[in-house]
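Asks: Here is my input, please return the structure:
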Amino acid sequence: MKIAKLEAQNVHGYLPINIVFFEDLTFLTGLNGSGKTSALRLLMALLTPNFEELVSVSFSNAQVTVQDTDKSFVIKASKTPDMVDLSISSLDHKLEINIVDIELYMDIHRRDETRSTIIEKYQQHPVSQAIREISTPMFLGLDRRFFPPNLTNEDAIDARRREFMARRYLSDDSRKRESSFAALSEINYLVMSKMQEVRASQEQLDERLRSQFFTKAFEYKPSDPTEFGAKLPSRDEIDRYRQQLQNIERAAEGVRIPVPEIQSALTLFFEKMSQVVEALEKKAQHKSSSRKGAKGISSNENQLPDKINKDYIEWIINRPQADKILEHLRLLEDYIVNRNALRDPIERFLSLVNNFFHQTNKEVYVTKKGQLKVKVIGMSDELQITDLSSGERQLLVMLAHLSLNPNLTNSGVFIVDEPELSLHIDWQEKFVDAVCKANPNVQLILATHSPAIILDRDYACWVLSGVSNA
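Replies: Have a look, this model is predicted:
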C-alpha cells in the first residue's frame, strides 16, 4: 500500500491540512502547531480505522487517498458534534458513528474490558471491514509504541499471546519493563518467530540436499570407451571446482554429511584429473607444434586422437564420475545461496543495529533459542535488551519492525513521529539510510524538526505552515 494524499479541514477548529506524499520518502516539516502530529493521527484514524482517534481529533472533514495493489481508494470522514460519518470509495453506503457510543467505549477500554458490544457493531460494519482489508501502516507515535490503539477481539488475544511468549525472555526488573516493555516484547516475538521460520525452512533445505545427494550418488552414468569425440576436461574448470571444496564444510553444517571424507576423496579425484589434463595438454601441444601451419589446439576442444592412449581412456572412464561430482558441487552452491537467503532478514537487521551500537561499544545478537541479547564488546557479561538506553531501544524497535515484521516484508507504509527523539546527532544523520536499507520497499513518512534527519533530502520535504499547500 502507498499513501498518496491527505486532506482535512478545520483541524483543531482552524487548521487546514493538504499533503501530497512521495512514493518512497516524505518528511513532514514545519513549526510547532503546524499540524504534523495531527496529520499523522488522522492518517492512522482513517486507515485503521480508529474510532477513538476519529472522536478525539477535532476536524470537520478529512480524506485520505491510498493505492493498494492495483486499486485506488478514498476514505472519507465528516464530523459533527454528535456523529462521525465514515465511508470508502469502494462502497456506496457509509458508517455512522455515534460519538456518545465511542466515549462510552473509551471509558470501558480504560478499565481493560476488551470485549464490548458497543464497538463490535462498528467493527463489523461493511465500511469498517473494507478499510481493514487495506494494508494498515505501521505507526510509531511519540509514546514509542507500535500497537494500534483500536484492536479487534482477535487482535487483542493475539497481542496478549505474543506478549506472554516474549516476556519470558525480558528482564524481571519492573522498572525496566514499564517504559518500553510492550515495544520490546513485540520485537522479541518478531525475532523468535523469524528464527522459528528460518529453522523450519532450514530443515526442509537440509532434507532436500540429503535426498538429492543420495539420489545422484546412485544415478547410472553411462560411459562409452569408444567415444573419441568427447570433450576434454578443462584445467580452468577443474581449478574452479577445486576452489569450491571449502564450500563443502560451510554447506554441510547441520546436514550430517561426512565432511572430511568427502573433502579427502574430492581432493584426490581432482589431483588425478589434473594429471590427465596435463598429459592430454602436452600431447595436444606436441601435435600442434609438429603440424605445419596448424593452429593451437585448446584442451577445451573436441579432439579425435590418432590412437587410443592411456590418458584419454582414463578420462573417458572417469568422465561420468566427474559429471556426478560437479552436479553435487552445484547442489551445494545452490544450497548455500538458499540457506544464506533464509537468514538475510536477521543478518540485515543485526548489521544495521550494530552499525549504530558499535559506537557505544555494544553488540546485539540472537541466541540459539531465538532471544535478542546484548553484549559489551570486550566483556563476557550478557545484557538484556531492556538494559539499553532509550535511543538504543528506539533504533532496535524500528529496525526490527522494518526488517522482520511480515506486514512490511514486501511493501507497506512506515510512519514515525519525530524520529530524532532520544537519538544523538550522529545517529540522526545515519537514521534515514538505515531504515531505507532495512526495507527498501516501504514508504517512509517522517514528521521531524531535525535538519540532521533530513540532511540534503530537501526534495522529499512537505512543509506544513498552517495554510493550504495546494
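Asks: Need phi/psi at the residue nearest to residue 126 when sequence neighbours are not counted.
Replies: Among residues not flanking residue 126 along the chain, residue 91 sits closest, at 6.0 Å (Cβ to Cβ, 6 or more residues apart in numbering). C-betas here are computed from N, CA, C, even on glycine. With angles defined as degrees, to the nearest 10, residue 91 sits at phi -120, psi 150.
Asks: try residue 418
Replies: Dihedral pair for residue 418: phi 50, psi 70, per degrees, to the nearest 10.
Asks: Count the neighbours of it for me.
Replies: A count of nearby residues for residue 418, using other Cβ atoms under 10 Å, gives 20.
Asks: same check, this time on residue 460
Replies: For residue 460, using other Cβ under 10 Å, the count is 16.
Asks: how close does the nearest residue to it once chain neighbours are set aside sit to residue 400?
Replies: Distances taken as Cβ to Cβ, 6+ apart place residue 25 nearest to residue 460, at 4.7 Å, with adjacent residues excluded. Remark: distance between residue 25 and residue 400 (Cβ to Cβ, to the nearest Å) = 20 Å.
Asks: Looking at those two, which has the bigger crowd around it?
Replies: Each of residue 25 and residue 400 has its neighbours counted (other Cβ under 10 Å); residue 400 has more, 28 against 19.
Asks: In a helix, the more buried one, correct?
Replies: Yes: per DSSP: H, G, I helix; E, B strand; the rest coil, residue 400 lies within a helix segment.
Asks: Report pLDDT for it.
Replies: Note for residue 400: predicted pLDDT of 91.
Asks: Which of the three states applies to residue 433?
Replies: From three-state DSSP, the assignment for residue 433 is helix.
Asks: returning to what we had before: count of neighbours near the residue nearest to residue 126?
Replies: 15.
Asks: swap in residue 133?
Replies: Using other Cβ under 10 Å, residue 133 is surrounded by 12 other residues.
Asks: Tell me how far it lies from residue 97.
Replies: 19 Å.
Asks: Check residue 56 too.
Replies: The value you get for residue 56 to residue 97, if Cβ to Cβ is used, is 12 Å.
Asks: swap in residue 119?
Replies: 10 Å.
Asks: Kindly report the same for residue 461.
Replies: For residue 461, the distance to residue 97 - Cβ to Cβ - is 34 Å.
Asks: same question, residue 337
Replies: 52 Å.
Asks: Could you check which of the two has the larger neighbour count?
Replies: residue 97 (23 against 10).
Asks: does the more buried one sit in a helix, a strand or a coil?
Replies: Going by three-state DSSP: residue 97 is strand.
Asks: Now do the SS call for residue 19.
Replies: strand.
Asks: Bridged to it, which residues?
Replies: residue 6 (DSSP bridges).
Asks: Relative to residue 79, how far out is it?
Replies: 19 Å.
Asks: more neighbours, the two?
Replies: Taking other Cβ under 10 Å, residue 19 and residue 79 do not tie; residue 19 has more neighbours (23 against 20).
Asks: Mind telling me what element residue 378 is part of?
Replies: If you go by DSSP states H and E, residue 378 is not part of any helix or strand.
Asks: What degree of burial does it show, as a neighbour count?
Replies: Around residue 378 there are 6 residues (other Cβ under 10 Å).
Asks: Same check on residue 221?
Replies: Around residue 221 there are 12 residues (other Cβ under 10 Å).
Asks: what's near enough to touch it?
Replies: 320, 321, 323, 324 (Cβ atoms under 8 Å, 6 or more residues apart in numbering).
Asks: Same check on residue 446?
Replies: 25, 26, 27, 28, 415, 416, 419, 432, 453.
Asks: what about 7 Å?
Replies: 27, 28, 416, 419, 453 (Cβ atoms under 7 Å, 6 or more residues apart in numbering).
Asks: So which of those are in strands?
Replies: 27, 28, 416 (DSSP state E).
Asks: Relative to residue 52, which of those is nearest.
Replies: Of all those, residue 52 sits closest to residue 416, with 20.7 Å by Cβ to Cβ.
Asks: What's the separation between the residue nearest to that closest one when sequence neighbours are not counted and residue 403?
Replies: Distances taken as Cβ to Cβ, 6+ apart place residue 140 nearest to residue 416, at 4.6 Å, with adjacent residues excluded. Note on residue 140: its distance to residue 403, by Cβ to Cβ, is 15 Å.
Asks: if you count what's nearby, which of the two comes out ahead?
Replies: residue 403 (27 against 22).
Asks: tell me the contacts of that one?
Replies: 345, 348, 349, 438, 439.
Asks: That one in helix, strand or coil?
Replies: helix.
Asks: Return the per-residue confidence for it.
Replies: So, for residue 403, pLDDT stands at 90.
Asks: and if you look at residue 368?
Replies: pLDDT at residue 368 comes out at 84.
Asks: List the buried residues for whatever helix or strand residue 16 lives in?
Replies: According to DSSP H and E, residue 16 maps onto strand 15-20. Judged by neighbour count (16 or more other Cβ atoms under 10 Å), strand 15-20 contains these buried residues: 15, 16, 17, 18, 19.
Asks: Including distance to residue 205, could those go into CSV?
Replies: Shown next, in CSV, are those (distance: Cβ to Cβ, whole Å):
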residue, distance to residue 205
15, 55
16, 55
17, 50
18, 51
19, 46
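Asks: and those residues as a markdown table, adding distance to residue 381 and pLDDT?
Replies: As requested, the buried residues of strand 15-20 are exported to a markdown table (distance: Cβ to Cβ, whole Å; pLDDT from 0 to 100):
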| residue | distance to residue 381 | pLDDT |
| --- | --- | --- |
| 15 | 51 | 92 |
| 16 | 55 | 93 |
| 17 | 49 | 94 |
| 18 | 53 | 94 |
| 19 | 47 | 96 |
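Asks: circling back: any shared contact partners between residue 119 and residue 97?
Replies: residue 51.
Asks: can you give me the strands for the stretch 51-200 of the chain?
Replies: For the stretch 51-200 of the chain, the strands defined by DSSP state E, counting those that start in this stretch cover 61-68, 71-79, 83-88, 95-98, 138-140.
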